[in-house]
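> Make a model of this:
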Amino acid sequence: MQVEWFDYELPESLIAQTPLQERTSSRLLTLSKTTGAIRHQTFEQLIDYLEAGDVLVLNDTRVLPARLFGIKADTGAKAEVLLLKQLEGDRWEALVKPGKRLKIGSVIEFGEADDDAGGPRTALLTATVEEELEMGGRILSFKYEGIFNELLDRLGQMPLPPYIKEQLPERERYQTVYARHEGSAAAPTAGLHFTRDYLNRLEQKGIQLAYITLHVGLGTFRPVSVEDVEAHSMHEEYYEVSAEAAELINAAKANGRRVVAIGTTSCRTLETAAKVSTEKGRLAACSGWTNIFIYPGYEFQMVDALLTNFHLPKSTLLMLISALAGREHVMAAYREAVEREYRFFSFGDAMFIY
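The predicted structure is shown next:
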C-alpha cells in the first residue's frame, strides 16, 4: 500500500491559522462510510446524527505549555525545546532546535530568577542533554526549585503545530473544554468544537459521554517518511481507560447502540483497549503505552462512527479515517472539501464519518 495513495492538493490559504470565535460555529462535512454519501452541514447539526443511547468517547488530555525558549549556558545562543513525554522523575523526551549544537552534556537555561541582592544571573529552569535520539530528539534532565508544572505555566508557550504561523492570544482556545489530565504535546483537535452548553444538549437528548485519556506525543509531529504504508512505525503514547468509561461503552455495545469516537486519539485508544481486553467485544479498565497504527484493511472492534478534523496529506491520521470509511470515499470527500473551501487542520472545520 503506497503512501502516495493518501496525497491530495491543498491550497495554503485553506489552512486555518486561528480558531473561530465560537467553538460550535465551524462547518461539518458528513460522510457515510457505507455509501460514500457526502453532506455539507454546520457543526451544530451533529446532534441530528446522534441518537439516545449512543456513547461519545472524548479524550480529556490537557496540553502542556510545552514549548520553551532558552539559551545555551556556555555560549548564550538561542535554543528551543518542545517537551513530548515525561520519563521517570525530571527526565523528558523532547525535540530541540538547533539540534546540531545541542549535543550530550549541553546545558540550556530558561527564565531568570529574581535576585534582590544583585548577584549573578540564575536560571529558573535548566536542562542538560543526556541522550541524542533520531529526528532531533533528545533526553533532557531538568533542575529547578519549586513545582515543575508551575514553571511551565510561567515560561512555556502552547506547542502549536508548525503549519500555524499566527500567535494564539488565549491559551485555553487550544484546550478542549473538558481537558483535565496534563500530558499532551498537542490538542485532540476534534474536541475543540464542543462547548459545555453543546455537551449538555447532547446529554439532554440521552447521549452518553465517556471520557478516556491519550497523551498526544511525538507521532503527531513525525511525517511518514517511507514509501510503503506498512513500513511506517508509530511512536508510543500513554493512554488510560477508566472502569466507568468501559462500563458505558460496554452497555452501548450490548444494547446495539453506537460508540462514537471524538477524534482519532479517542479512536486509537478504544481500539488499543479492545486489543488488550481478555473478552472480545468488551472493554475493561486499562492503561499503558500504545503505538497502534490503523490503516486500510484494519477491522474495527469498538468504533462505529468518528468525528474528526481534516488531516494533512499522506498522514497516518488520513490513513486511519480511510480504514474506517474507505480510501476512495475519504479522498472524494477531501476533494469536495477543498473545492468548497473548508478550513483545514487543527483550527479548521469538522468531518463526521458514520
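> Distance-wise, check the residue most central in space within the chain relative to R154.
Among the residues of the chain, the one closest to the centroid is P188, at 3.7 Å (C-alpha atoms, centre = their mean). For P188, the distance to R154 equals 25 Å [C-beta to C-beta, to the nearest Å]. In this view, the C-beta of every residue, glycine as well, is placed from N, C-alpha and C.
> same thing with N309?
In this view, N309 and R154 are 30 Å apart by C-beta to C-beta.
> ok, the two, which is more surrounded?
More crowded of N309 and R154, by other C-beta atoms under 10 Å: N309, with 25 against 13.
> domain parsing for this protein?
3-63+169-353, 67-155 (automatic domain parsing).
> how much space between Q86 and L152?
Noted for Q86: a distance of 11 Å to L152, by C-beta to C-beta.
> Also Q301?
Counting by C-beta to C-beta - Q301 and L152 are separated by 37 Å.
> of these two, who's got more company?
L152 (20 against 17).
> Which residue comes closest to the more buried one once chain neighbours are left out?
With sequence-adjacent residues excluded and distances taken as C-beta to C-beta, 6 or more residues apart in numbering, L152 is closest to P65, at 5.3 Å.
> Just the pLDDT for the one you found.
According to the predicted model, the pLDDT of P65 comes to 96.
> What is the burial count for it?
Neighbour count of P65, defined by other C-beta under 10 Å: 19.
> Let's verify it: helix, strand, or coil?
At P65, secondary structure determined by DSSP: H, G, I helix; E, B strand; the rest coil is coil.
> who's in contact with the closest residue to L102 other than its chain neighbours?
Counting by C-beta to C-beta, 6+ apart, the nearest residue to L102 once its immediate chain neighbours are dropped is V96, at 4.8 Å. With contacts defined as C-beta atoms under 8 Å, 6 or more residues apart in numbering, the neighbours of V96 are 79-82, 102, 129, 136-138, 140.
> Mind telling me what element V96 is part of?
strand 91-97 (DSSP states H and E).
> same deal with T269?
helix 264-276.
> List of residues touching that helix?
The set of residues external to helix 264-276 that reach it, using C-beta under 8 Å, 6+ apart, is 57-59, 61, 188, 190, 212-214, 216, 239, 241, 246, 249, 259, 261, 281, 283-284, 286, 288, 290, 292, 294, 298, 300-303, 306, 308, 311, 317, 320-321, 324.
> Okay, buried residues for it please.
The neighbour-count check on helix 264-276 (16 or more other C-beta atoms under 10 Å) flags 264-274 as buried.
> Same question for stretch 62-73.
Of all the residues in stretch 62-73, those buried under the rule 16+ other C-beta under 10 Å are 62-68, 70, 72-73.
> hey, what's in contact with both of Q86 and L152?
Taking C-beta under 8 Å, 6+ apart as the contact rule, Q86 and L152 touch no residue in common.
> returning to what we had before: the residue nearest to L102 pairs with what?
Per DSSP bridges, the residues bridged to V96 are V81.
> Can we start the residue count at 56 from this point?
All right, first residue 56 from here; so that's V151.
> distance of it from E326?
Taking C-beta to C-beta as the criterion, V151 is separated from E326 by 32 Å.
> Span of stretch 324-342 from start to end?
Here the two ends of stretch 324-342 are set 10 Å apart, with distance taken as C-alpha to C-alpha, to the nearest Å.
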